[in-house]
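Asks: fold the stuff below for me.
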Amino acid sequence: MSRIPIPALVGLFFTGLYFFIAIFAPWIAPYSMTEIVGDVWEQSSPEHWLGTDSIGRDLLSRMIYGGRTTIWIATAATILSFGTGAILGFTAAVMGGWVDQVLSRFVDLIMSIPTLIFALVVLSVMPVTILMLILVMGFLDSTRVYRLSRAVAVDINVMDYVEAAKLRGEGNRWIIFHEILPNALSPLVAEMGLRFIFMVLFVSTLSFLGLGVQPPEADWGGIVKENKDGIIYGIPAALVPAIAIATLAISVNLVADWILNRTTSLKGGRG
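Replies: Numbers count the residues shown, from 1 in each chain. Got it, this is the predicted structure:
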């Protein structure tokens, strides 16, 4: 077994750390998410490692709970987008004809509308809940996954081993899940890392604009919004979640690159 390269180890460590903190947030956070424990924008101290926020809540606790919310929403939306987009993309490539045309033109229609504007319009008329955020984000992002999945599946669908499966009488479901999916994992895994980070940025942007996670719940974009005025006075509270998003993005991409290299080197053509 080859050794894991150092960049991948760094990525695995920080990605695992973020997910560990997200899972065990209630046991790790020193204070509750909404408890006011000090004055406004206190400096770092032994009691408050990152200081306090714009109304005196412990910033570290808000960051831990906010990370939990951000990562949970991004993970669920990514799974939804890949589950929907990949299956529809593979189906369009395998079945072709009018099925391919209808799905592709519908995706073209959705993609012609800027994603952020589409989300803002929907969320402005719908109740803004975590479930609604996941559904909207997952649906909008599934169009990008559909495009990638279809493009990859079209190339795989003409391979000899797929033609052999068709000659054996295998159905479309077998071809999609046993022939195309295993051979399409490399680009999909790499894209999944990018889409996950896009989801983190997307939900943070929506929260910053006021149509994402609603107070008193915390997420990283909301924490930036709550503390943005402090930047004027040299208070770094709004920069902390930005740093968290950046380190998470880099870490996930390092892991995705490593997995892509491994699956590319291990994947052999099926004959």
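Asks: list the buried residues of the helix or strand harbouring A22.
Replies: Assigned by DSSP states H and E, A22 falls within helix 6-23. Neighbour counts using 16 or more other Cβ atoms under 10 Å place 8, 11, 14-15, 18-19, 21-22 of helix 6-23 among the buried residues. Where you see a C-beta, it was placed from the backbone N, CA and C, and this is true even at glycine.
Asks: let me see the ranges of the helices in the protein.
Replies: Assigned by DSSP state H, the chain shows helices spanning 6-23, 25-28, 59-95, 97-111, 115-125, 130-156, 160-167, 172-174, 181-183, 185-208, 220-227, 239-266.
Asks: could you check the angle helix 185-208 makes with the helix holding A22?
Replies: Put simply, helix 6-23 runs at 50 degrees to helix 185-208, going by axes from the mean of the first three to the mean of the last three Cα atoms, to 10 degrees.
Asks: mind listing what's buried in stretch 150-165?
Replies: Neighbour counts over stretch 150-165 (16+ other Cβ under 10 Å) mark 150, 152-154, 156-157, 159, 162, 165 as buried.
Asks: picking that back up, most packed of the helices of the chain?
Replies: Greatest average neighbour count among those goes to helix 220-227 (a mean of 25), per mean count of other Cβ atoms under 10 Å.
Asks: run through who's touching that one.
Replies: For helix 220-227, contacts defined as Cβ atoms under 8 Å, 6 or more residues apart in numbering pick out 41, 53-55, 59, 62-63, 66-67, 70, 200, 203-208, 210, 212-213, 215, 235, 237-238, 240-242, 244-245.
Asks: how much space between A151 and L131?
Replies: Distance, A151 to L131, by Cβ to Cβ, to the nearest Å: 31 Å.
Asks: now do L116
Replies: 20 Å.
Asks: can you give me the neighbour number for T52?
Replies: 28 (other Cβ atoms under 10 Å).
Asks: could you report the pLDDT at it?
Replies: With respect to pLDDT, T52 scores 88.
Asks: my read: it touches D39, true?
Replies: Yes - counting by Cβ atoms under 8 Å, T52 does reach D39; the two are 6.7 Å apart.
Asks: pick the one among the buried residues of helix 6-23 closest to A92.
Replies: If you rank the buried residues of helix 6-23 by distance to A92 using Cβ to Cβ, T15 comes first, at 32.2 Å.
Asks: got the contact list for that closest one?
Replies: 248, 251-252, 255.
Asks: likewise for V40?
Replies: Counted by Cβ under 8 Å, 6+ apart, V40 has contacts 52-56.
Asks: buried among those residues? Need that as a selection in ChimeraX.
Replies: In ChimeraX syntax, the buried subset of the contacts of V40 is picked out as below (16+ other Cβ under 10 Å):
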select :52,53,54
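Asks: any idea how far V121 is from M132?
Replies: Distance, M132 to V121, by Cβ to Cβ: 13 Å.
Asks: show me the contacts for F139.
Replies: Contacts were defined as Cβ under 8 Å, 6+ apart; by that measure F139 touches 80-81, 84.
Asks: gap between A165 and I64?
Replies: As judged by Cβ to Cβ, A165 and I64 stand 49 Å apart.
Asks: tell me what angle the helix holding A22 forms with helix 239-266.
Replies: Using the same axes, to 10 degrees: helix 6-23 against helix 239-266 is 130 degrees.
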